[in-house]
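Q: Pasting a predicted model and its sequence here:
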Amino acid sequence: MIHQSFSKSATQAEDVSGGASSVPEPRKSTRSRKAKSFGSDFQLYLVEGTRNETISQHQYCFNIKEDPKTFSEAMDSRDVHLWKEAIHDEIDSIMHNNTWVLADLPPCCKALGCKWILKRKMKVDGTIDKYKARLVIQGFRQKEGIDFFDTYAPVARISTIRLLLALAATHNLMIHQIDVKTSFLNGDLDEEIYMKQPEGFVMPGNEHKVCKLKKSVYGLKQAPKQWHKKFDDVVLSNGFALN
């Protein structure tokens, strides 16, 4: 009986091994492969000429350098005069709006830090449109209920904008679009917030003082809400009404 069972198991093993050897190989695709093509209009060529000639004719090819991450990097870059112009333009807007005043930091308060955000704005053809600098406060360190309360800002629904555009097209009306420069700097603050003096613009003799914010700056949690409130008040005071 034992001999018969062993023989039967051996026979089954042979059948399994024989069946495995008879498994057909995976079918391979017979589709002919073609090299990737970018179209007949795509051309690749080397730029010839001196460095100055090449830069003047193909300036967009050399605009791949990253924007400076810090104020110090901007001051050490070859475009330092353009970054300085952008930074001074931002500071002029801040000073014009009376955004802050220098004051002593109260013992119970902590001053928030700030950072320069520097970007090159590009045109459609890849050339540089302008150099832009923005002073941004470290709003992520604000505490709700102390440094801010409400942060929401009502915005127009896209369906409303489409409706207005459709009405303008139907009645042959003219549409004007405006862009408010440094819009968030116009919002008035209700809370008492202190900020460290921005890098590169620390007042000599007042290094120990901080900026007491009178108006909102970019990065504050309540900046969008305060800007909307300011814009709403100005529009209503000029004869417009809520619908």
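A: Okay, I see it.

Q: what about the closest residue to residue 146 other than its chain neighbours, which helix or strand?
A: Distances taken as Cβ to Cβ, 6 or more residues apart in numbering put residue 191 closest to residue 146, at 7.9 Å, once the chain neighbours are dropped. (C-beta placed from N, C-alpha, C; glycine too.) Take DSSP states H and E as the rule and residue 191 turns out to sit in neither a helix nor a strand.

Q: Just list the residues touching residue 191, thanks.
A: 146-149, 222 (Cβ atoms under 8 Å, 6 or more residues apart in numbering).

Q: List only buried entries from those.
A: 147-148, 222 (16 or more other Cβ atoms under 10 Å).

Q: low-scoring pLDDT stretches of the protein, where are they?
A: Low-confidence segments of the chain, defined by pLDDT under 70: 1-22, 38-65.

Q: Sketch out the helices for it, chain order is fine.
A: 2-21, 51-57, 71-76, 80-96, 158-170, 223-237 (DSSP state H).

Q: What's the local residue count around residue 234?
A: 11 (other Cβ atoms under 10 Å).

Q: Chain neighbours aside, what residue packs nearest to residue 98?
A: Using Cβ to Cβ, 6+ apart, the nearest residue to residue 98 is residue 214, at 6.0 Å.

Q: er, residue 83 actually
A: Residue 83 sits nearest to residue 74 (Cβ to Cβ, 6+ apart), 4.1 Å away.

Q: What residues does that neighbour make contact with?
A: Neighbours of residue 74 in contact, by Cβ under 8 Å, 6+ apart: 68, 80, 83, 87, 116, 118.

Q: Residue 165 too?
A: Listed by Cβ under 8 Å, 6+ apart, the contact partners of residue 165 are residue 175.

Q: Apply 7 Å and report the result again.
A: Residues near residue 165 by Cβ atoms under 7 Å, 6 or more residues apart in numbering: none.

Q: Kindly report the same for residue 71.
A: 116, 199-200.

Q: Out of the residues you listed, who's the most crowded?
A: If you rank these by neighbour count (other Cβ under 10 Å), residue 116 sits at the top with 23 neighbours.

Q: Distance check, it against residue 78.
A: Residue 116 sits 18 Å away from residue 78, going by Cβ to Cβ, to the nearest Å.

Q: can you tell me how far residue 220 sits from residue 190?
A: 12 Å.

Q: ditto for residue 121
A: Counting by Cβ to Cβ, the gap from residue 121 to residue 190 is 33 Å.

Q: now swap in residue 182 and tell me
A: With distances taken as Cβ to Cβ, residue 182 is found 20 Å from residue 190.

Q: Using JSON lines, lay out the contacts of residue 191 together with distance to residue 243.
A: As requested, the contacts of residue 191 are exported to JSON lines (distance: Cβ to Cβ, whole Å):
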{"residue": "146", "distance to residue 243": "37"}
{"residue": "147", "distance to residue 243": "34"}
{"residue": "148", "distance to residue 243": "30"}
{"residue": "149", "distance to residue 243": "28"}
{"residue": "222", "distance to residue 243": "26"}
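
Q: What is the nearest of the residues you listed to residue 137?
A: Among these, residue 147 lies closest to residue 137 (Cβ to Cβ), at 10.5 Å.

Q: So between residue 182 and residue 190, which is more surrounded?
A: residue 182 (18 against 12).

Q: contacting residues around the nearest residue to that one once chain neighbours are set aside?
A: Residue nearest to residue 182 in three dimensions, not counting chain neighbours: residue 93, with 4.5 Å by Cβ to Cβ, 6+ apart. If you count contacts by Cβ under 7 Å, 6+ apart, residue 93 has them with 181-182, 185.

Q: What's the local residue count around residue 91?
A: By other Cβ under 10 Å, the residues close to residue 91 number 16.
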